[in-house]
Structures are given as C-alpha cells and as structure tokens.
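S.K.: Just to be clear, the model below is a prediction. Sequence and coordinates:
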Amino acid sequence: MEDSINVSDLPEPPPDLGSVPESDPDDNKLCILRLEKWLKREKLEKDLREKLSIPFTKTRKVLSQNFALVYFADPATKERYFEVLRDAGYEVVNSRKAASHKRLIEQDAGAPGDKRHKATLEADAAEDGSAPQARTVDQVVTPWADVPYAEQQQRKRQRVTEVLREMVARVRKECKDNVPSWARIKKQQLPCALLDLIPSPVTSGYRNKMQFTVGLDAERRPCVGFVMGRINETPTVADASDCVHMSPQCRAVLQLFQQLVAASGLGVHDKRIHKGFWRQLTVRTFRSGDASVIVQVDPADVASEARDAVYESLLGLVRIEGVRIESLLLQEYSGISETAPLDCPFRVLHGSEYVHEEMLGLRFRVSPSAFFQVNTPAAELLYGTVRDWIADARKSIGGPVCVLDVCCGTGTIGLTMSAFADRVIGIELDPHAIKDAKFNANLNNLKNTFFLAGKAEDVVSTDEFKLLCHGYNLLAVVDPPRAGLHQSVIKTLRGLKGLTHIVYVSCDPVGLLTNTAPLVRMESKHTRGTPFVPIQATAVDLFPHTPGVEVVALFARQSLAKTQPASSAAEPSTSGAATAPATQQLPASDASDSVAVSTDAPQLPSDAVSDSIESSGPASELPVAAST
C-alpha cells in the first residue's frame, strides 16, 4: 500500500519475532531499503548515530547498492529502534535474511537503455557523495516515464513472475526438511496460475495524493518539490511541477504555493539544524471533485504577527480557478523527525477537516492522515479483483460467510466486500483508522460490517470476535504494510478455525515473500494449523511510470486443494500471463466437508452483540449477501 512519493507509509514495529529461534543472528538486523546508491556507509552511520542516537553495532552499505543492513546487540534493541527509523523517514524491512532482498530491490534500477539505468550508472561513478547532474525529478519519481506503457506492463509481469519463482526458492530453503509437494517443481515453473496483469485505466495525472518538501534548490533558492540528494551535506530540493503523474489541480496548487513561500520572507526548514518555517505541502485531489491541502510549518522563532499574516495569505489557495478545495489545513510541528506524530493536531483554515472520494459505488470520508490508494481508477480494479476472488471462494465452500479484513485501515476493502458476504469484520491496530471505517460504513448504510481495534492476534481471542464469527465460514483479505504481516499474525491466521482462504494484497513483493513460508509450512509441533497452498496470483498496476506494482495472491487450505505433479515449465505467454500446471483446484463438493466451523464461541444472548461491540450497525439487521 503506497500512499505518497516520500517514503512515509512504513510498517508498524512488530513486538517480537514469533517463532524465529533466539540463536539466529538475523534476529539482530534490519534492512533499510531504497537508499541512494551513492550514499556512503560512513555518512549513513553518522546520521544514525548523531541525529537519531541509534545504538547499532555495525552496518553494511556499499556504493553500488541501494539498501543497507543495520545490526543491533539483541532483538529487543532492534525492535525498539524500528519505530525510530520509521519516524525518521527510512523505509525499513523487519525480516529474516534481509540481505536476500537485494535482487528484487535492485530491479527498481530499471533496464539498460532507460533514463533510470543511466542515472544509476552515473550515481555509482560518483565518489564525492554528490548527486549526478543528469539525475532529474522524473528519473527519481517516475523512472519509467520515457518507457512505452506496453513495455512497462511487460517488465512488471516479468517481475511478478520472478517473485513467484523466488517464493518457491524461499519455501524450499526454509522448509527443507519437509518441502510442500506444490513447491517440488522445476526451476522455471511457477507454483500457481499467474493471471494477466491488469493495467491502470489512466497513466497520466493519476495520483490523488502528492507530498512535497519545502527546501532549497541547487541554486540555494526556496523550492517546493522532492528531495533529490545533497550538495555539501545539505539536502537539495528540485521542482516537481512537470511530473507526469501529477494531476492538473495539484500542479496549480503547487505553483501558487511556491509563489507564496517565495513572497513570505520566511525561511525554509533546514534538516541539519532543525530550524526554518516552511516544512511540507500535501495535496489531495479526488475525482469526486474534492481537494485538500495541508501545509506543515515550524512556528518556532517566528513572531505571531508574521505567522498570522502568512496564514492569511494561504487562503489564496482556495481561490484557484478549477480547484475545489474543501479542506485547507495547517499543521504546526517543531519535531526532529520528518513525519509528525499522529496526535499532532490540524488547524482548519478553510472548509472542514475531511474530504470525500467515491469508489465502486461507495462514498468514503478521508481524514488528513488516513491512507487511501493513490490511483482511484486502478484501485477499483484491484478491489474488484479481490471481490471476485472472494465471491468464487464463497461458492466453493458454501454456507454463511464472514470476510475478515485484516489490516483494514479505514475499511475500503472490507466495505467493498460487504455485498458479497453475510458479515464483514475489519481489524486494525490504529484506532483513528477504525473510527474512519465505522463512519464510512454508516455513511453508506452498511449494516453487516463490524470494525475492531487492536492487534489481530489479540482481537481473535476476544469473546466479541468469537461471537461475531460463530456459525460462519471465514475468508480473509490481508493488505499489510510493505514489510508484510508479523509472524504472530501469520500464526493466528493459520490456527483460526473456519478460515479457508486468504487473499493477500501486497504493495511490495518483499512482504509477500517473507510471509509465504510460515503460511505454507507443513504442520508440526511448532507450526499449528493446516497449511495454505498458493492457488493463483495476479498484478494490478496502480503506479504507471514506476517499477511499483500491486501483487494479489490467493491461498487456500491444503485440505481444499488437489495437487498434481507439474509436467512442464511455465513461461510468460504471448499475452503477458505466465501459466502454471493445474496444480490446485477447488472442488466445491469437497470444500464444504473439510471446513472447520468455529463452535467455541461464548453462548451469549443474540442482543449482546450490539451491546458489547461498537459496530457500524446492529447485528439483528444483517442482510442476506447479494448473489454473486
């Protein structure tokens, strides 16, 4: 789930490493992704030590790589500083064997001949730590902008093919004592059917959210754009107004805001000394017509009269022709980290605190810090695919169905599933997101949706959850952060009675690869629950002109899948889809017999549901699921 150009959508720190042996040295390291290739190890260590007080024991970073490994004395120390690194703007992977991510990460450098590859080569040649002159904003944020879209799709199809092959390799390595039968295939075969990539309906101006940094450009003039690198240890910001994925409305806001910054006479924020007034600009432009603007400033050392005058000038953004700004917010933040904490308040300068977007016939209220997919038309195709797979899985198992939306955020996936299930339960750690999800359910008059705040492993053990699931077959949709699900969540899903299928939505293949082995590992005294088997996978392009792609994979319990030996290698077809032998099929006649429906729910009166659980609607008003 990607939400902005800057690295800001980062995973929550897992509380422990679950079943990973304590003696494993990989427990003690983190992998920081998508660093600049010319960043030297010494500079990285200086930043970690002096700016963030990270007590690492050593690091590994070379100029030809765009990731680094950070080692700690023990797993507990590593987990404590996961959140610190995330808040500082680093993209962190918390997983075993982090160095094995290198091959997938480096695919982001692009293929020989395109602009990103050229910029990478020049970056590798730079020895003084400065950004190469040939590196432009387009090469950073839309590195495939000069690549024909048909070729972009082919590259992404190939990347997903490699992800599935890597999945097999990891499963065979981590389950070497008892490799699942479906993973005993030839090197070029795929573990499941790979369907055609679903392209984005729009390829220009598609991003509904852009987040800009206010800093100094190469000429040391105030600039609103993206951080491009460093000149003499000072971050350099470049103008982003020509980016192909920016909407015209956002471009108009950016250009006027740039003028307001230049005319204000107030300085831009300097990350080295943590001083300066202007910090960030965030613009959201939805196809509903709503737009929101958030201006983040550091009010320290600026007289109140000067601040008030600047705040008054910001109202000029509301009068931009052709842009309907329904929410103009100000956030005052003087902290050190790039991202303000969730409890940092917003001041409404115009309109309200919320804007609205429409998707798949539903209307969603979007709060200032809420996640929402950045490409609404492509997100409709993504959620539509998930919805179709859930509907097919329901047919195969029969009976009443409850869909679990794990890592539900503001409930977008779960709410779009509501017409295809008898009941939907969303689970999310962030209580603010749960509040938005409940509001959106009521906004759309959906009475069969319930949202529970907390860790998934804690929520499923509560009487409230058991009561809601009692008598239902369970289907799950998981849409975790980049690093994937924590091991404790995987353990919980495997042991959950009645759960037959999982649809895994991944914005980064690293997370999917990390989670596959514990999900499919054969049952043992350390791994409880019938293992899952990959059935099919596809990709949806939410991010044209970039290497990013959403991967969707369907897993089913092994008891529901019939496995046959693979007979031929699977290669991408001429249409772009890679095929695999028919190794898994879901026979409806067998599925209903092998489903274990939960029967251990507490026997409470039926009206206890609405009394004990804060939901979007009373349990007694659950509608019959729409026909699929």
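M.R.: Everything's here; your move.
S.K.: C-alpha from now on. contacts and neighbour counts both.
M.R.: OK.
S.K.: For stretch 303-312, which residues meet the burial criterion?
M.R.: 307, 310 (16 or more other C-alpha atoms under 10 Å).
S.K.: who touches it?
M.R.: With contact meaning C-alpha atoms under 8 Å, 6 or more residues apart in numbering, stretch 303-312 is reached by 264, 299, 349.
S.K.: now the residues you listed in a markdown table, with pLDDT and secondary structure?
M.R.: Putting the contacts of stretch 303-312 into a markdown table (pLDDT from 0 to 100; DSSP: H, G, I helix; E, B strand; the rest coil) gives the following:
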| residue | pLDDT | secondary structure |
| --- | --- | --- |
| 264 | 94 | helix |
| 299 | 95 | coil |
| 349 | 97 | strand |
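S.K.: out of these, which one sits closest to residue 290?
M.R.: Lowest distance from residue 290 to these (C-alpha to C-alpha) belongs to residue 349, with 15.9 Å.
S.K.: pretty sure the closest one contacts residue 326?
M.R.: No: the criterion here is C-alpha atoms under 8 Å, and residue 349 misses it with residue 326 at 10.4 Å.
S.K.: List phi and psi for residue 141.
M.R.: Dihedral angles phi and psi of residue 141 (degrees, to the nearest 10) take the values phi -90, psi -30.
S.K.: Pull the distance from stretch 315-330 to the chain's centre.
M.R.: 28 Å (C-alpha atoms, centre = their mean, to the nearest Å).
S.K.: quick check: longest helix of the chain.
M.R.: The single longest helix within the chain, with elements called by DSSP state H, is helix 149-174.
S.K.: Follow the chain on from that helix and name the next helix or strand.
M.R.: Remark: after helix 149-174, the chain's next helix or strand is strand 193-194, criterion DSSP states H and E.
S.K.: Paired strands for that next one, with orientation please.
M.R.: strand 532-540 (parallel) (DSSP bridges).
S.K.: can you list contacts of the partner strand?
M.R.: Around strand 532-540, the neighbours that count as contacts under C-alpha under 8 Å, 6+ apart are 157, 160, 182, 191-200, 378, 381-382, 494, 519-521, 549-558, 561, 584-585.
S.K.: which SSE is the residue located most distally from the centre of the chain in?
M.R.: Largest separation from the mean C-alpha position in the chain: residue 305, at 41.0 Å (C-alpha atoms, centre = their mean). Using DSSP H and E, residue 305 falls within helix 304-313.
S.K.: okay, that helix in PDB with CA atoms only?
M.R.: Provided in PDB are the C-alpha atoms of helix 304-313 (Å, rounded to 0.1, in the frame of the first residue of the first chain):
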ATOM      1  CA  SER A 304       3.000  35.700  16.000                       C
ATOM      2  CA  GLU A 305       2.200  38.700  13.800                       C
ATOM      3  CA  ALA A 306       4.300  37.300  10.900                       C
ATOM      4  CA  ARG A 307       2.700  33.900  11.300                       C
ATOM      5  CA  ASP A 308      -0.800  35.300  11.200                       C
ATOM      6  CA  ALA A 309       0.000  37.200   8.100                       C
ATOM      7  CA  VAL A 310       1.300  34.100   6.400                       C
ATOM      8  CA  TYR A 311      -1.700  32.100   7.500                       C
ATOM      9  CA  GLU A 312      -4.000  34.700   6.000                       C
ATOM     10  CA  SER A 313      -2.100  34.600   2.700                       C
END
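S.K.: Now the element after it, going C-ward?
M.R.: With elements assigned by DSSP H and E, the helix or strand that comes after helix 304-313 is strand 325-332.
S.K.: same question for that following strand, mean pLDDT?
M.R.: What strand 325-332 shows for mean pLDDT is 96.
S.K.: Contacts made by that strand with the rest, please.
M.R.: In contact with strand 325-332 (C-alpha under 8 Å, 6+ apart) are residues 290-299, 317-318, 344-355.
S.K.: Return the members of those classed as buried.
M.R.: The neighbour count (16+ other C-alpha under 10 Å) marks 290-299, 317-318, 346, 349-350, 353-355 as buried among the contacts of strand 325-332.
S.K.: mind listing which of those are in strands?
M.R.: Secondary structure assignment by DSSP state E places 291-297, 349-350, 355 of these in strands.
S.K.: what's in contact with stretch 53-60?
M.R.: For stretch 53-60, contacts defined as C-alpha under 8 Å, 6+ apart pick out 41, 45, 48-49, 68-73, 81.
S.K.: What of stretch 286-300?
M.R.: Taking C-alpha under 8 Å, 6+ apart as the rule, stretch 286-300 contacts 208, 269, 275-285, 307, 323-334, 354-358, 368, 376.
S.K.: how about a cut-off of 6 Å?
M.R.: 208, 277-285, 324-334, 355, 357 (C-alpha atoms under 6 Å, 6 or more residues apart in numbering).
S.K.: okay, how far is it across it, tip to tip?
M.R.: End-to-end distance of stretch 286-300 (C-alpha to C-alpha, to the nearest Å): 33 Å.
S.K.: one step back: among the ones in strands among the buried ones among the contacts of strand 325-332, which pair sits farthest apart?
M.R.: Across those, the longest distance by C-alpha to C-alpha is 21.5 Å; it joins 297 and 355.
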